[in-house]
Structures are given as structure tokens and as C-alpha cells.
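# sequence unknown, structure follows:
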């Protein structure tokens, strides 16, 4: 499981290091990176096996469903399979870096079966919003449903 968050830099070529704790969990030297759906403006990063599980589930749905078509067009079509080099770095495609606003620094965020890449100021805003009392009722309901 991918847990916690880690701050890293992006070099002038667009490379960033995969956190060592996350590299230990990867069974292959390839990952899939795609823009997050919705308005989060971060990147989702999947181990190859988790992406394949997602793709299998998606392929079982009818491509005539509007929502499924949209996922193919926005999530799958924008995805990039990326190799992790011997130093544990990945080269983020310029289009994905630009979409997520990643320039110099990045925050890797664990999301159990996948990771997210955030521009640090956006991530800080997300963390602050997560603790906003306005959302506490929703959080409490989910905690109860999960038995926390």
C-alpha cells in the first residue's frame, strides 16, 4: 500500500525521483501516469499491475456508456507508461507536467493502490480543505461506515 507523502524536486529535464518507500512496493520498473479526473489538477500514478486491473474492469463496461467513453477519452487517452530508471527517477511528459502545474517541486501522495503527484501549494490547499469543518459530517459518515 502506498501511504504517506514525500516532497521531491523536478529537474530541468522533467525528471523526479520516485520515493524509496514507494519503489520498494513496485514489482516492475514501469508505472502509468495520467491526469486525475475532475478538478484536482494532480496526476494519478499507478503501478503497472494496478493499471492493468483498472483497464480490465473498464474493458468490461460498454464503451457506448457516456461516462465510460469519457473515461477512455480523458483518463486513458492521456495516460503515459513511464519507465523508472536505475536511479529511481521518472521522466514526466511535458504535457502532463503542464496540466498539473508541476515545475520545480512535487509532492508524492500515497492513495493505497496508487499514488498522486501534486504541485506543493495545491497539495497544501487540499490538506487545509480536508480539515475544514464544513466537510466533517461527510468524513464522520465514512469513518462510521468503515468502522473507524
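Thanks, I have the structure now. Everything quoted here is computed from the prediction, not taken from an experiment.

# for this protein, what spans make up the strands?
Secondary structure of the chain (DSSP state E): strands at 5-9, 15-17, 30-35, 43-47, 80-83, 89-91, 105-110, 115-118.

# Give me the angle between the first one and strand 105-110.
Which is strand 5-9. 150 degrees (axes from the mean of the first three to the mean of the last three CA atoms, to 10 degrees).

# export the strands of the chain to CSV and tack on mean pLDDT?
Formatted as CSV, the strands of the chain follow (pLDDT from 0 to 100):
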stretch, mean pLDDT
strand 5-9, 97
strand 15-17, 97
strand 30-35, 96
strand 43-47, 97
strand 80-83, 97
strand 89-91, 98
strand 105-110, 98
strand 115-118, 97
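
# any idea which of those is most buried?
strand 115-118 (a mean of 24; mean count of other CB atoms under 10 Å). Bear in mind the C-beta positions are built from the backbone N, C-alpha and C, glycine included.

# Not counting that one itself, show me its contacts.
Contact with strand 115-118 is made by 2, 16, 22, 33, 36, 40, 42-46, 92, 100, 102, 106-109, 126, as judged by CB atoms under 8 Å, 6 or more residues apart in numbering.

# circling back: and of the strands of the chain, who's closest to residue 64?
Proximity to residue 64 (CB to CB) singles out strand 30-35 among these, at 22.3 Å.

# Contact partners for the nearest residue to residue 91 once chain neighbours are set aside?
Counting by CB to CB, 6 or more residues apart in numbering, residue 91 lies nearest to residue 15, which is 5.1 Å off, once chain neighbours are set aside. Shown in contact with residue 15 (CB under 8 Å, 6+ apart): 85, 89-92.

# Point out where this structure drops to low pLDDT.
135-136, 143, 146, 148 (pLDDT under 70).

# And the helices in it?
With DSSP state H as the definition, the chain shows helices at residue ranges 20-23, 48-59, 66-71, 94-100, 120-130, 136-146.

# rewinding a little: how far away is the residue nearest to residue 91 from residue 102?
In this view, residue 15 and residue 102 are 11 Å apart by CB to CB, to the nearest Å.
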